[in-house]
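Engineer: Need coordinates for the below:
(chains A and B)
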Amino acid sequence: METFSNNDAFFYNKILINKLRRTILDEINNIHTLKKLGTLNKKFYIMVREEKLNMNYMQNIYKNICSRYFQCTNDEIIDECKPMKAAFNYKYSLIQKYRDIFHITNNFYINMIINSELRQLSSLCQIYFERNIKEFTLDELSKYDGSIGKPAYAAVSGIVYDISRVPAWGGGTHFGLIAGRDLTAEFKKCHDSSAILDNIPKVGVLA
Amino acid sequence: MTLLKEDLYMSYNDKTSSKVKELISDVKRLEKPKINAIWLEEAGCSGNIISLLDASSPDVIYFLNNMVNLTYNNSIMAKEGEKAFDSFLKTLSTDFILFVEGAISTRENGRYCTIAAHEGREITGLEAVKMAGEKAKYVIAVGTCASFGGISAASPNETYDISVSQALQREVINTPGCPCNPEWVIGTTASIILNGRPELDSLNRPLLFYGTKIHDTCPRRIYFEKGIFAKSLGEKTCMFKLGCRGPVTYTNCPIVKWNGGVNWPIGSNTPCIGCANNRFPDGMEPFVRT
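Structural biologist: Numbers count the residues shown, from 1 in each chain, chains lettered A, B, ... in the order given. Purely as a prediction, here's the structure:
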């Protein structure tokens, strides 16, 4: 970290976080595949269920990534920062402003961001580990179509959502679509961002 | 959602309702000159003109006496044949508002909807709406068919029906609804006469009438929040599980209601079918989820 100038540290960190996030998601997906194959490492499963260990696990991954990416040269990082700088311009200017006023060190921000990211990631992990994850086959999913007051579930990108109480899904139907299916393609056709899915209860994953 | 927010919506819509009454009475009080109007019926079911004739406060007599000088309507005017269409042509050279109900048939250059015969020539709806649409001061698409294609353009759409805004290269004020509530047509007209172009949303609907979701002002909203759902038609609770489209439809139905404010679908224990939605009817099916 010391090899970078103050200005770039923030953006560098943002990139780092993205990579961290991707790695953790990869790990989660791996567990998911392992579980599918019936060879899930139980120890690991129990470990990530414990919140404290969960954090340790994350931090281990974080350390791994650090050791991997800290080797990058300054130029490589600056190249990667360019699009980030434009996107976070406003946020960045604010941080600059307060940094000068309160004499806050870079580490403070970096830790703050890492912590908030880790918190988000651990809540993401809850879907997989802390809840009773249920695996749905497409056949099973089709039973939850919202007819005659039944619950309405639909899958987007492998996650099964409970849309029984989503206002736009009256009776498990939504603009000609019927619940109980994998609607990934339809979702992507009509919604730019998946942020609207964040508040919808998740009930499991597609097998 | 808390009750507080609902109350806010409610007071907002109460305001709009009184605002409409204010607008309509202002037209008479300020003695604004009447503006010519053409009400063109295209590929539709005459539902919107019948809805207008059924208007109660104000009624259609007030509308015709104080607000517009209706020179042409191919469904209910007294003149017939060439004479009727002559008055259509005569109006084109004046300042006028064009009301269009029904979608525009485009198959075989519009021959599936012929509205008049003039000097030995058949006038198609497509031709008439283009003639009048280019010259009109304002174009108001009345009803869902005219606004978005609606039932006329529903699958398989054999006559290749399109909405008025697709047929005309200009701004069209959409007042969807199946039929359009008379308060929405008369209110929009009053708003135009007094203040010009009304404030429109992204689908060109006047915000005054289409600014809030039905779901947000629904008198049965509390049942939705508490999770008390009707299992069959006729139950006096939230009909969300029966496929109610109130949460995706923007109108002030809960306030103005229908048949002169007597009742509305939810009040008679049937779900909203989203008739004022731009995806009606194909995207709103099934109307009742079983």
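Engineer: Give me the helix or strand of chain A that scores worst on average pLDDT.
Structural biologist: Every helix and strand of chain A was ranked by mean pLDDT, DSSP states H and E. The lowest is helix A:42-49, at a mean of 41.
Engineer: Just the endpoints, please. Distance across stretch A:177-192?
Structural biologist: Stretch A:177-192 has an end-to-end distance of 18 Å (criterion: C-alpha to C-alpha, to the nearest Å).
Engineer: do stretch A:137-153 as well
Structural biologist: Stretch A:137-153: ends 12 Å apart by C-alpha to C-alpha.
Engineer: Next, the buried residues of that stretch.
Structural biologist: A:140, A:141, A:144, A:145, A:146, A:147, A:149, A:150, A:151, A:152, A:153 (16 or more other C-beta atoms under 10 Å in any protein chain shown). Every C-beta, even on glycine, is put in place using the N, C-alpha and C of the backbone.
Engineer: Identify, from those residues, the entry nearest to chain B.
Structural biologist: residue A:149 (5.0 Å; C-beta to the nearest C-beta).
Engineer: my read: residue B:130 touches residue B:167, true?
Structural biologist: Yes. Using C-beta atoms under 8 Å, residue B:130 makes contact with residue B:167 at a distance of 6.9 Å.
Engineer: Looking at those two now, which is surrounded by more residues?
Structural biologist: residue B:167 (25 against 16; other C-beta atoms under 10 Å in any protein chain shown).
Engineer: Leaving out the residues flanking it, which one is nearest to that one?
Structural biologist: Residue nearest to residue B:167 in three dimensions, not counting chain neighbours: residue B:104, with 4.4 Å by C-beta to C-beta, 6 or more residues apart in numbering or on different chains.
Engineer: so how far is chain A from that neighbour?
Structural biologist: Counting by C-beta to the nearest C-beta, to the nearest Å, the separation of residue B:104 from chain A is 23 Å.
Engineer: would you say that residue is within a helix?
Structural biologist: No. Residue B:104: not assigned to a helix; according to DSSP: H, G, I helix; E, B strand; the rest coil it is strand.
Engineer: residues in contact with it?
Structural biologist: B:42-43, B:110, B:113, B:125-126, B:129, B:161-164, B:166-167 (C-beta atoms under 8 Å, 6 or more residues apart in numbering or on different chains).
Engineer: and if you look at residue B:190?
Structural biologist: Contacts of residue B:190 by C-beta under 8 Å, 6+ apart are B:20, B:23, B:24, B:26, B:27, B:67.
Engineer: Please apply the same query to residue B:32.
Structural biologist: So residue B:32 contacts B:193, B:194 (C-beta under 8 Å, 6+ apart).
Engineer: What strand or helix carries it?
Structural biologist: For residue B:32, there is no enclosing helix or strand under DSSP states H and E.
Engineer: Next, it: phi, psi?
Structural biologist: According to degrees, to the nearest 10, the main-chain angles of residue B:32 amount to phi -70, psi 140.
Engineer: rewinding a little: filter the contacts of residue B:104 down to the ones in strands?
Structural biologist: The members of these that map onto strands under DSSP state E are B:161, B:162.
Engineer: Just send the contacts of residue B:104 back as a markdown table, with distance to residue B:268 and pLDDT too.
Structural biologist: Formatted as a markdown table, those follow (distance: C-beta to C-beta, whole Å; pLDDT from 0 to 100):
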| residue | distance to residue B:268 | pLDDT |
| --- | --- | --- |
| B:42 | 30 | 94 |
| B:43 | 29 | 94 |
| B:110 | 39 | 93 |
| B:113 | 33 | 94 |
| B:125 | 34 | 95 |
| B:126 | 38 | 95 |
| B:129 | 35 | 96 |
| B:161 | 30 | 96 |
| B:162 | 33 | 96 |
| B:163 | 30 | 96 |
| B:164 | 31 | 96 |
| B:166 | 34 | 95 |
| B:167 | 36 | 95 |
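Engineer: Can I get the buried part of the contacts of residue B:104 as one PyMOL selection?
Structural biologist: Applying 16+ other C-beta under 10 Å to the contacts of residue B:104, the buried members can be selected in PyMOL as follows:
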select buried, chain B and resi 42+43+110+113+125+126+129+161+162+163+164+167
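Engineer: any idea whether the residue of chain A found nearest chain B is helix, strand or coil?
Structural biologist: The nearest approach of chain A to chain B comes at residue A:171, 2.9 Å away (C-beta to the nearest C-beta). Residue A:171 carries the three-state label helix when classified by three-state DSSP.
Engineer: That one against residue B:284, yeah?
Structural biologist: No. Counting by C-beta under 8 Å, residue A:171 sits too far from residue B:284 to count as a contact (11.2 Å).
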